[in-house]
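Peer 1: here's my sequence, what's the structure:
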Amino acid sequence: MTQLVNGIDEEVMEPGLDPNGKGYPGFNPRQETVDGLKIDYDVAIPLRDGVTIYTDIYRPADVEGPLPVMLLWSAYGKHYRWPDPLLRAFTQNADVSKYAPIECQDPAVWCPEGYAIVVPDPRGIFHSEGDATAWTPQEGEDIYDTVEWIAEQSWSTGKIGMAGASYFAIVQWFAGVTKPPHLSALMPYDGMSDLYREIAYHGGIPNPGFVTFWNSQVRHSNNRAEDWVKAMKVHPYFDEYWESKAPPVELIDIPSYVIASWTDHGVHTRGSLAAYMRLGSEQKWLEVHGRNKWARLYEAESTRRQIAFFDRFLKGTANEVDQWPKVRIEVREGIDVGEERAESGWPLERTEYQTFYLDAAQLSLRAEPLSQESSIAYDATSSEQRALFYHTFREDTELTGYFKLRLWVEAEGSDDMDLFVAVEKLDAVGELVNFYYITRFKFGHAAHGWLRVSHRELDLERSTPQQPVHLHKREQRLTAGEIVPVEIEVWPSSTLFRAGEQMRLVVMGKDPFPETEDPGAAIAFHPETRNQGRHIIHTGGQYDSHLLAPVIPR
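Peer 2: Below you'll find the predicted structure:
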C-alpha cells in the first residue's frame, strides 16, 4: 500500500469525471439580487497550500450588517439542486426553493431569518483547483481554512456553523476535530462516522451498489479525484486508509445537534448514533425520527428547531434550546406511524436486555435456554429460502436500541458465509409490517444486520455485550464441518410491538427484500457474496444461538 498523506492514497486517485457534468453552469463570478437574496457566485477562497476553491454566498438582500454564517460543504456541486421529479418523490412534495442545494437547508428560508449561507465547491470539484478527495483529514484542513476565511469577511460576525444531510453531515466530524477557532456549532443530519463499516463493507460484505452510485456523484473535476470503487478493491480490510475516514469525534467540543433516523439502515443510522455517543461536546443533543429524512429536513417543526439551535449558538439568543431534552426519539409502529418521546441519554438507561434463544426444531424464539440440539439449513444462494424464528408478545413491548445476534453456523459446500439478518414485525394477523430502508424504499424491516463469517473476529476493546464490533483486519475461512460462533451487530432501531404481534428473526444468504424493478433499487442490495451450498444454523444444547433484544420497560 502506498503511504497515505492526509488520508490520501495515490493509488486510488484517478482522472475526474466530466467537469461540465451534472448541469454545471460554468465558472461565472458575479452578483445578483433576486427573490430577496443577494447572491455572490464563484467567490475565490485561498487555502493554506496555495490552492483556490470557489464558493457561492447567499445573504438577505435587505441587510447590510454582518451576519452569522452557515457553511454547507459537499462534493455534489454548489450549483446542484434537487432534480425534478426526485424533489417531489424523495421529499414528499416538500416546499423547497430553487436556491437550495440538494440535501441541505434552503437559503430562501434561512437568509430571511438573519443568516448568510456559504456553499463551496471543495478542492478539485468542478472549477475549484486541486485534486478531489472525500472525507479525509485534507478535507478537514480545507474546511478549517474556509471557516477562518469566512470569519475575516466584512459580512460575517465570525460565528460560523455547519449543517446539512449525508455528505454535508459527515464532513462536519472532519471539520470539528481540526478545531477552527470560529466554528461555533455543528448540526449534522444523518451522517456517518466509520465509512468502512457503515457504507463500504457491511459486516465485511462489500456494498458495491451504493458505492458505485455515490462514486458517480462526487468526482466531477478538472483534475484527479478519489475513486471509491477502486479503493474498495485496493483496501478490502479496515486499514490505515479506512481509519483515516473514521475521525476521532471525541475531540469535538462545540455545541452539536445530531439529527438521525431509524430509516437509514444500510447508510446513516449506525454512524450518526455512534458519533453522538462519542462526541466530546458537553452541549450536545440527539434527535432520532422514523420518517423520510428528506421530507423531515424541510418540515416546519424540524426547521423551527434547527433555527432555534443556531439562534442560540451563532446569535447568542436565549431560547428553548437550554431546556431541550438531551435526546428525542420516535418509537415506530409502521411507516410514518409513531410517537416522539423525550429521553435523558442514548442508549436508553433503563433498557433491559432480554435473551431470546433460537429453537430450530420449533422455529421459535424462547425465553429459556434449550437442552435439545437441533439445526436448520437453507440454500445459501436462494432469494426464497431462509431461516425464520418467531416470538409472539403477550403485552405491548417496545424494543429500542441495539440488538445482538449470536449464531452457531456451519457452511456446507463453502469455506465462507455471508449472513443477512433482519428483525421483522408481523401484525396481529401475521402480515409483515414494513418500514423505510435507505429512506426512500418502503420494503425495509425493523432492524438489519450483516456479517461475512470470515470477518467474525471481534475488536475486544470496543465490543460490548450488546454491540459487537469486528476488527475486519484479516479473514478466518472455515473448514469442512467446522461449526463456529459468530456475533452479528444489528443496527439500532425503535419499534413498538402490540400484544398479539410477532417479532420474526430472518437469517438468509441474500438481502431479505423482494425483487423489484425500481431502477434505483441496486443501491439497496449486496450482489457480491461468497455464498455457495447450504448454510446450517445450530441451536440448543452447547449451541447457545440467541438474539439479545433491547426491551424498554413500560
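
Peer 1: what's the burial count for the closest residue to residue 21 other than its chain neighbours?
Peer 2: Leaving aside its chain neighbours, residue 21 sits nearest to residue 220 (5.0 Å; criterion: C-beta to C-beta, 6 or more residues apart in numbering). From N, CA and C alone the C-beta is placed, and that goes for glycine too. Using other C-beta atoms under 10 Å, residue 220 is surrounded by 24 other residues.

Peer 1: what's opposite residue 220 in the beta bridge?
Peer 2: Residue 220 forms beta bridges with residue 17, as assigned by DSSP bridges.

Peer 1: wait, doesn't it sit right on residue 23?
Peer 2: No. With contact defined as C-beta atoms under 8 Å, residue 220 does not count as touching residue 23 (10.3 Å).

Peer 1: which residue, neighbours along the chain excluded, lies closest to residue 263?
Peer 2: Spatial nearest neighbour of residue 263, chain neighbours left out: residue 436 (3.6 Å); criterion: C-beta to C-beta, 6+ apart.

Peer 1: what about the stretch 201-350 of the chain, any weak spots by pLDDT?
Peer 2: Within the stretch 201-350 of the chain, not a single segment meets pLDDT under 70.

Peer 1: do you know how far the closest residue to residue 105 other than its chain neighbours is from residue 69?
Peer 2: Distances taken as C-beta to C-beta, 6+ apart place residue 163 nearest to residue 105, at 5.5 Å, with adjacent residues excluded. Look at residue 163 and residue 69: by C-beta to C-beta, to the nearest Å, they are 11 Å apart.

Peer 1: any common contacting residues for the two?
Peer 2: Shared contacts of residue 163 and residue 69 (C-beta atoms under 8 Å, 6 or more residues apart in numbering): none.

Peer 1: picking up where we left off before, how is the residue nearest to residue 105 assigned, secondary-structure-wise?
Peer 2: Secondary structure for residue 163, judged by DSSP: H, G, I helix; E, B strand; the rest coil, is strand.

Peer 1: count of neighbours near it?
Peer 2: Residues lying near residue 163 (other C-beta under 10 Å) number 27.

Peer 1: next up, the contacts around it.
Peer 2: Contacts for residue 163 (C-beta under 8 Å, 6+ apart) come out as 70, 71, 72, 104, 105, 187, 188, 189, 306, 310.

Peer 1: ok, back up a step: next, count neighbours for the residue nearest to residue 263.
Peer 2: Number of residues near residue 436 (other C-beta under 10 Å) recorded here: 22.

Peer 1: now the helices for the stretch 201-350 of the chain?
Peer 2: In the stretch 201-350 of the chain, the segments counted as helices under DSSP state H, counting those that start in this stretch are 208-215, 228-234, 240-243, 269-278, 293-298, 300-310.

Peer 1: who touches the third one?
Peer 2: Defining contact as C-beta under 8 Å, 6+ apart, one finds that helix 240-243 is touched by 1, 4, 7, 9, 12, 194, 195, 196, 200, 231, 234, 235.

Peer 1: what about 6 Å?
Peer 2: Residues outside helix 240-243 that contact it (C-beta atoms under 6 Å, 6 or more residues apart in numbering): 4, 9, 196, 235.

Peer 1: quick one: which of the contacts of residue 163 has the most company?
Peer 2: In those, the most neighbours by other C-beta under 10 Å go to residue 188, 31 neighbours.

Peer 1: tell me the strands beside the strand or helix carrying that one, with direction?
Peer 2: Using DSSP states H and E, residue 188 maps to strand 183-189. With DSSP bridges as the test, strand 183-189 is paired with strand 156-165 (parallel), strand 256-261 (parallel).

Peer 1: among these, which is the most enclosed?
Peer 2: Mean neighbour count, computed with mean count of other C-beta atoms under 10 Å, is highest for strand 256-261 among the strands paired with strand 183-189, reaching a mean of 27.

Peer 1: how about low-confidence regions in the stretch 401-550 of the chain?
Peer 2: Ranges of the stretch 401-550 of the chain meeting pLDDT under 70: none found.

Peer 1: now the residue positioned nearest the centre of the chain: how far from residue 293?
Peer 2: Centre of the chain computed as the mean C-alpha position; nearest residue by C-alpha atoms, centre = their mean is residue 268, 1.1 Å away. Distance, residue 268 to residue 293, by C-beta to C-beta: 8 Å.

Peer 1: go on, residue 382?
Peer 2: Note on residue 382: its distance to residue 293, by C-beta to C-beta, is 32 Å.

Peer 1: more crowded one of these two?
Peer 2: Neighbour tally, residue 382 and residue 293, criterion other C-beta under 10 Å: the higher count belongs to residue 293, 27 against 13.

Peer 1: isn't the more buried one up against residue 261?
Peer 2: Yes. Between residue 293 and residue 261 there is a contact under C-beta atoms under 6 Å: 4.7 Å.

Peer 1: mutual contacts of the two, please.
Peer 2: residue 190.

Peer 1: ends of stretch 306-320, how far apart?
Peer 2: By C-alpha to C-alpha, to the nearest Å, the extent of stretch 306-320 from end to end equals 12 Å.

Peer 1: next, residue 465: phi, psi?
Peer 2: With angles defined as degrees, to the nearest 10, residue 465 sits at phi -60, psi -30.

Peer 1: ignore the last one, residue 389
Peer 2: Main-chain torsions, residue 389, degrees, to the nearest 10: phi -130, psi 140.

Peer 1: now do the top strand by length along the chain against helix 269-278, angle only.
Peer 2: When the chain is parsed with DSSP state E, its longest strand is strand 397-412. Counting by axes from the mean of the first three to the mean of the last three C-alpha atoms, to 10 degrees, strand 397-412 lies at 120 degrees to helix 269-278.

Peer 1: list the pairing partners of strand 397-412 within its sheet, with orientation.
Peer 2: Strand pairing for strand 397-412, determined by DSSP bridges: strand 484-497 (antiparallel), strand 534-539 (antiparallel), strand 546-552 (antiparallel).

Peer 1: of those, which is nearest residue 126?
Peer 2: Between residue 126 and the strands paired with strand 397-412, the tightest spacing by C-beta to C-beta is seen for strand 484-497, at 34.4 Å.

Peer 1: output the closest one as CSV, restricted to C-alpha atoms.
Peer 2: The C-alpha trace of strand 484-497 is given here as CSV (Å, rounded to 0.1, in the frame of the first residue of the first chain):
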residue,chain,number,x,y,z
VAL,A,484,-18.2,-21.6,14.8
PRO,A,485,-19.9,-19.0,16.9
VAL,A,486,-20.4,-15.5,15.4
GLU,A,487,-21.8,-12.3,16.9
ILE,A,488,-23.7,-10.1,14.5
GLU,A,489,-24.3,-6.4,15.1
VAL,A,490,-27.9,-5.4,14.3
TRP,A,491,-28.2,-1.7,13.7
PRO,A,492,-30.1,0.4,16.3
SER,A,493,-33.8,0.9,15.9
SER,A,494,-37.0,1.6,17.8
THR,A,495,-40.2,-0.4,17.3
LEU,A,496,-43.4,-0.9,19.3
PHE,A,497,-45.0,-4.4,19.2
